[in-house]
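J.: what follows is a predicted structure for the sequence shown.
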Amino acid sequence: MNFLAHIYLSFGDDEIALGNFMADSIRANKYKHLPERVQKGIFLHREIDTFTDTHPIPKKSSKKLHKNYSHYSRVIVDIYYDHFLAKNWSTYSNEPLAVFVDRFYDLLGDNYAILPDGVKRMIPYMISDNWLLNYANLEGIGKVLNGMNRRTKNKSGMNFAIVDLEEHYNAFEEEFTEFFEKLVIFAKEKFLSISSDYGG
């Protein structure tokens, strides 16, 4: 899953959300200097990724893309799924997406000192282009895919994946909806386990 899903699957816990968000920028066990609950957010992120990578529904989604994008297909599916989460946000949260996103940006600012360097470099672009809110529309997803393609020095061709999304839109949305229901249950169980480790 991509940024928005990981933040959402922190279930309103700010420290867990920070760890869940920054985890891709943390190598191996290079997180021992961070607050314990942020460390638990990194653990939760990795559990979510393992569940997603081994589940047949995301594999079914990525299979549609593999011919054109090879190993990048999984990354593209993560981005697609964030789009469907943002688009259908009111199904999953009573808080408006714009409010949720603004609160998270404030959280990043308040905890800037502990963020990895890579995250610090990314944040100005994330906030100025409001990635998390703009995941909800196809134009926003197109910009994300273009940016990902540039980061691969145009080797991935991910900028064309917006066409695949439009071509198989209903199928991808149905797969997301079915999978996300299962992922929420899994992530909530892991979250509650983490919370009980710290006395609630």
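T.: Sure thing, it's come through.

J.: show me the shaky parts of the protein.
T.: 197-200 (pLDDT under 70).

J.: name the single longest helix found in it.
T.: helix 169-197 (DSSP state H).

J.: count of neighbours near the residue nearest to residue 9 when sequence neighbours are not counted?
T.: In space, and not counting its chain neighbours, residue 9 is closest to residue 187: 4.2 Å by CB to CB, 6 or more residues apart in numbering. Any C-beta I mention is one placed from the backbone N, CA and C, and that applies to glycine too. Neighbours of residue 187 under the rule other CB atoms under 10 Å: 25.

J.: wait, what's in contact with residue 187?
T.: Listed by CB atoms under 8 Å, 6 or more residues apart in numbering, the contact partners of residue 187 are 9, 11, 44, 47-48, 51.

J.: mind redoing it with 7 Å?
T.: By CB atoms under 7 Å, 6 or more residues apart in numbering, the residues touching residue 187 are 9, 44, 48.

J.: then residue 44?
T.: 16, 20, 187, 190-191, 194.

J.: for those, which single residue is the most surrounded?
T.: Most surrounded of these: other CB under 10 Å gives residue 20, at 30 neighbours.

J.: for the contacts of residue 44, give me TSV that also has distance to residue 95.
T.: Shown next, in TSV, are these (distance: CB to CB, whole Å):
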residue	distance to residue 95
16	17
20	17
187	18
190	22
191	17
194	22
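
J.: go through the contacts of residue 187 and name the one nearest residue 30.
T.: The closest of the contacts of residue 187 to residue 30 turns out to be residue 44 (CB to CB; 17.0 Å).

J.: what are the phi and psi values at residue 32?
T.: When read as degrees, to the nearest 10, the backbone of residue 32 gives phi -70, psi -20.

J.: next, count neighbours for the closest residue to it other than its chain neighbours.
T.: Of all residues not flanking residue 32 in the chain, residue 39 sits nearest, at 7.4 Å (CB to CB, 6+ apart). Counted with other CB under 10 Å, the neighbours of residue 39 add up to 20.

J.: buried set for the helix or strand hosting residue 39?
T.: Assigned by DSSP states H and E, residue 39 belongs to helix 36-54. Within helix 36-54, the residues that count as buried by 16 or more other CB atoms under 10 Å are 37-45, 47-48, 51-52.

J.: which other residues reach the helix or strand following it?
T.: Using DSSP H and E, the helix or strand that follows helix 36-54 in sequence is helix 56-63. Helix 56-63 has contacts (CB under 7 Å, 6+ apart) with 52, 73-74, 77, 172, 175, 178-179.

J.: PyMOL command to pick out the buried ones of these?
T.: Selection of the buried residues among those in PyMOL, burial being defined by 16+ other CB under 10 Å:
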select buried, resi 52+73+74+77+172+175+179
